[in-house]
Each structure stands twice: as structure tokens, then as C-alpha cells.
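1. Quick one, fold the following:
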Amino acid sequence: MRDVDLYRQILGLPEPRSVTGVNLDLQAGRVEVRVSHPEGLRWACPQCGNELAVHDHAPERSWRHLDTCQLQTVLQARVPRVNCPEHGVLQVKAPWAEARGRFTALMERWIIDELQQCATVSGACRLLRLSWDEVFGVMERAVRRGQMRKQPRILRQIGVDEKAFRKGHSYTTIVSDIERSTIEHLANERTRQSLEEFYRSLTAPQRDGIEAVALDMWEPYIMATKAQLPEASRKIVFDRFHIMQHIGQAVDTVRKAEHRALRALGDETLAGTKYLWLHSQENLTDSRREQLSLLLDQNLKVARAWAIKEALRRLWNYRREGWARRYFARWFYWATHSRLQPIRKVAHMLKRRLDNIVTYCRLRITNAVAEGINSKLGYRNPEHFKIAAYFYCGGLDLYPS
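-> Residues are numbered from 1 along each chain as shown. All right, here's what the predicted structure looks like:
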């Protein structure tokens with residue numbers, strides 16, 4: 001079998017295109033496959049489909065294809081252009097690649113598969129022997145393609161969170177579908193407008209279909225939700241992980257103050273104990289759990305703060321709002337009479353927000369989806385983060401047709 005016949009079958013080119021030449025460069029590790037077509041043919045306008053005579057040809061272009069026997073394979077062709085009376089001069093669609101793409105459709109599919117397996121652009125680059133810009137360009141095109149194909153649907157439960165960049169100088173608002181664990185919307189900053197942009201993109205039935213919204217206690221998000229969502233006060237659930245983060249920070253503040261006071265007396269009891277007080281007891285190793293047990297037997301302020309923190313965790317076990325309110329009232333009395341100012345401050349903040357804390361008993365949602373995405377995607381550039389978030393977590397149809 002001749003090499004042109006081999007590549008014609010490998011590429012599966014439709015008539016009237018055919019392989020007219022194959023150049024093998026072993027020193028460069030490259031195979032160049034030339035694709036041509038007969039003269040005098042009529043071609044469909046890519047906009048309206050009307051068949052027209054050739055106006056001219058675009059300059060010769062190259063497309064990277066799947067490797068052949070570990071050799072880089074490149075398609076080369078001059079694509080015809082037509083002069084449509086309605087749409088002007090346009091380039092005919094090349095059946096092996098998407099418009100303005102640098103890779104064949106099969107190569108793009110392979111790159112997308114490698115990206116999903118590696119979960120990092122740099123990892124895919126090493127395997128594919130491509131540059132970062134080339135691989136990320138495929139990711140961008142895949143996301144644009146997926147977003148164009150995406151169909152509107154009802155989101156019953158959503159989570160709203162933010163991603164910080166440059167140590168909190170820049171933010172991205174993240175809206176996730178909790179049921180499907182997908183990213184639905186990303187917007188610059190964490191303002192009221194950032195979230196309202198998402199709500200305004202929904203139809204009235206879509207807004208009515210939202211049954212629950214997990215939020216942290218960021219006021220602009222609360223205002224946006226109440227302004228745009230029907231019966232929002234019944235649907236908002238303040239995320240329990242953010243609440244426990246607040247009380248954990250208060251415990252750490254108590255620890256730091258007490259550690260400074262003890263160290264001034266030459267006592268290093270609390271040195272290196274930060275994460276003993278922040279981690280859940282069941283997540284500690286046996287040796288660390290024993291260390292914590294010994295510290296709890298001492299008369300330490302941080303031990304009291306830790307006990308109050310652990311007691312708050314039991315609030316999430318309640319299934320009825322009335323019982324949760326009764327438990328919180330007892331917890332609140334303990335926290336506010338602890339003589340620990342950081343704990344008292346958080347307790348008063350939680351009491352002001354209690355109505356949308358106890359809604360967890362009924363709605364049982366958290367922002368774990370968005371939190372997981374934050375920890376999985378380590379991009380420092382906000383725009384790169386958006387593309388990667390939609391690519392890995394958008395639930396999009398990414399492949400070229």
C-alpha cells in the first residue's frame with residue numbers, strides 16, 4: 001500500500017479531498033501529509049450552505065494530527081474560499097478541524113482526554129510534548145464550545161462562594177450546582193453585582209425553581225439573593241463550614257493571646273499546638289489525640305474555647321429548627337458567659353444570623369462543592385482559573401464535533 005493511500009484511510013478524508021503527498025523527515029521526527037482537492041468544484045458557504053464557485057484559496061496552513069509511530073504528524077492544505085452574496089468572502093470549513101484551530105479534531109480530543117486525566121495543564125504538556133499555550137488554547141476552545149452547547153435547566157440547590165487571588169486583593173464569585181457538583185457561573189469580584197449578574201441570566205421559571213442557596217455570611221451576596229430570588233429568606237442557608245471557620249478563628253485568637261502570656265512567664269505549654277485546637281478530634285492521630293487530652297486536663301482558656309467550638313458542631317445534627325434554636329440558646333449562654341471575648345464576638349454574630357443558620361435543619365446543604373473546587377484548582381490568574389473551573393467542573397460537552 002502506498003503511503004498516500006495509507007494516510008487517506010487513516011485520516012478518513014471525505015470526497016472530494018484526498019492525500020496527494022507524504023513527506024517523511026526522520027531527523028526532525030515529523031511526517032507532513034499534504035491534502036488537496038480537484039479544481040472546478042463548488043463549495044458550501046459555511047454560513048448559509050449555498051454552493052458557490054471557488055473565489056480563491058487561503059494561504060497554506062498546517063494542523064497537528066495524532067502521532068504516527070511516535071512521529072509528529074502534520075496536515076498541510078490550502079483551504080478554498082467562496083464569495084457569498086450574503087456573507088462575503090469566507091473560508092470553507094475543513095472537515096478535519098474546527099475553524100481557526102491549530103489541531104485536527106482528533107488531536108483536540110486526545111488533548112482534552114489528557115487534560116482530564118492529568119488534571120493539570122503542565123502535566124498534559126509533558127505527555128503531549130506541546131507548549132503550555134497550545135494546550136491551554138485547546139482548553140479555552142473546549143470551554144467556549146461547551147458553553148455554546150449548554151442548555152438552560154432548573155437548578156434546585158446552588159452554592160455561592162468566592163475564590164481569593166493575590167492574598168485577597170482580587171476575588172472571583174463562584175456559583176455551583178450542588179446536586180450535580182458543577183460550576184454554573186463565575187464572575188469577577190465578590191460584590192452584590194457579581195451575584196446579581198447570575199440571577200439576572202436566569203429565566204423566571206429558573207429563579208422560581210431554586211429551592212435552596214448555600215452562602216457564607218457575606219452581606220453583598222445576601223442582599224443580591226434577597227433582591228433577585230423569590231422567598232429568599234426561606235431558601236438561604238449559611239454554610240456550616242464557614243460558620244465553623246469563624247469559631248475556629250476565635251479559638252485560635254484565644255490560643256495566641258494565652259500563648260504569649262504563658263511564654264512571657266517562660267511556659268511553652270502551648271508551643272506547636274495550633275492545629276490540635278482547630279482540627280476535629282476524630283481527625284487527629286493517636287499521639288496528637290493523647291497530647292490534646294493532656295492539655296484539656298489543664299486550666300487553659302483555649303481548652304474552654306475549644307470545648308465551646310466542639311459543642312457548636314452538635315447544632316448540625318438537629319433535623320427540626322425548633323430543637324436547633326433551643327440548643328443554640330443554651331450554647332449561646334455558655335459562649336457569652338465564657339469571659340473569652342473572641343468567642344463572645346462570634347456568638348453574637350451567629351445569633352444575628354440564626355434564622356438562616358437553622359434552615360440547615362430543613363434544607364441540609366453546604367458549600368462543599370465550591371470549597372472542593374477552590375482546593376483543587378490552584379491557578380493564580382483569575383481568568384485562567386475561570387477557564388479551568390469550567391473545563392474540569394462545568395459539566396460541559398467539551399469535544400469537537
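2. so who does residue 365 touch?
-> Each residue near residue 365 by C-beta atoms under 8 Å, 6 or more residues apart in numbering is listed here: 157, 159, 178, 212, 214, 237. (Each C-beta comes from the backbone N, C-alpha and C, glycine too.)
3. Could you do residue 333 as well?
-> Neighbour list for residue 333: empty [criterion: C-beta under 8 Å, 6+ apart].
4. and residue 206, what does it touch?
-> Per C-beta under 8 Å, 6+ apart, neighbours of residue 206: 152, 153, 154, 155.
5. any chance of these in CSV, with distance to residue 297 too?
-> Shown next, in CSV, are these (distance: C-beta to C-beta, whole Å):
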residue, distance to residue 297
152, 59
153, 55
154, 54
155, 50
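6. In helices, which of these appear?
-> Among the contacts of residue 206, none falls in helices (DSSP state H).
7. Out of the residues you listed, which end up buried?
-> residue 155 (16 or more other C-beta atoms under 10 Å).
8. mind listing the strands for this protein?
-> With strands called from DSSP state E, the chain shows them at 18-25, 30-36, 42-44, 51-57, 61-68, 71-77, 80-84, 88-91, 157-165, 170-177, 182-188, 212-215, 236-238.
9. Helices of the stretch 251-400 of the chain, residue ranges please.
-> Secondary structure of the stretch 251-400 of the chain (DSSP state H, counting those that start in this stretch): helices located at 274-278, 286-296, 301-313, 321-336, 341-352, 360-363, 368-376, 382-393.
10. Taking helix 321-336 as reference, get the angle to the fifth one.
-> Which is helix 341-352. Angle, helix 341-352 to helix 321-336, by axes from the mean of the first three to the mean of the last three C-alpha atoms, to 10 degrees: 160 degrees.
11. what's the nearest residue to residue 192 if we skip its chain neighbours?
-> residue 220 (4.1 Å; C-beta to C-beta, 6 or more residues apart in numbering).
12. show me the contacts for that neighbour.
-> Shown in contact with residue 220 (C-beta under 8 Å, 6+ apart): 190, 191, 192, 194, 195.
13. And the residues you listed, which two are furthest apart?
-> Largest separation among these by C-beta to C-beta: 190 and 192, giving 9.1 Å.
14. where do the contact lists of those two overlap?
-> 220, 221.
15. Show me which of the two is the more surrounded one.
-> residue 190 (21 against 18; other C-beta atoms under 10 Å).
16. so that one touches residue 162, yeah?
-> Yes: the criterion here is C-beta atoms under 8 Å, and residue 190 meets it with residue 162 at 4.3 Å.
17. Overlap of the contact sets of these two?
-> 171, 172, 173, 218.
18. Top of those residues by number of neighbours, please.
-> residue 173 (25 neighbours).
19. what's the spacing between that one and residue 192?
-> Using C-beta to C-beta, to the nearest Å, one obtains 10 Å as the distance from residue 173 to residue 192.
20. Overlap in contacts, the two.
-> Common contacts of residue 173 and residue 192 (C-beta under 8 Å, 6+ apart): residue 221.
21. Flag the shaky bits of the stretch 201-350 of the chain, pLDDT-wise.
-> Residues of the stretch 201-350 of the chain meeting the criterion pLDDT under 70: none.
22. give me the number of residues near the spatially closest residue to residue 398 that is not a sequence neighbour?
-> Excluding the flanking residues, the one nearest residue 398 by C-beta to C-beta, 6+ apart is residue 142, at 3.9 Å. Burial of residue 142 is recorded as 25 neighbouring residues (other C-beta under 10 Å).
23. Count the residues that sit near the closest residue to residue 296 other than its chain neighbours.
-> If the residues on either side of it in the chain are set aside, residue 296 comes closest to residue 303, at 5.1 Å by C-beta to C-beta, 6+ apart. Residue 303 sits with 18 neighbouring residues when counted by other C-beta under 10 Å.
24. how close does residue 303 get to residue 310?
-> From residue 303 to residue 310 the distance is 11 Å (C-beta to C-beta).
25. same question, residue 380
-> Remark: distance between residue 380 and residue 310 (C-beta to C-beta) = 35 Å.
26. who's more crowded, the two?
-> Neighbour count, other C-beta under 10 Å: between residue 380 and residue 310, residue 310 has more, with 14 against 9.
27. show me what contacts the more buried one?
-> residue 281.
28. circling back: so of the contacts of residue 220, which ones are in helices?
-> 192, 194, 195.
29. ok, of these, which one's closest to residue 64?
-> Once C-beta to C-beta is applied, the member of the ones in helices among the contacts of residue 220 that ends up nearest residue 64 is residue 194, at 38.3 Å.
30. Now for that closest one, how many residues are close by?
-> By other C-beta under 10 Å, the residues close to residue 194 number 23.
31. Residue 277 and residue 214, how far apart?
-> Relative to residue 214, residue 277 is positioned 26 Å away (C-beta to C-beta).
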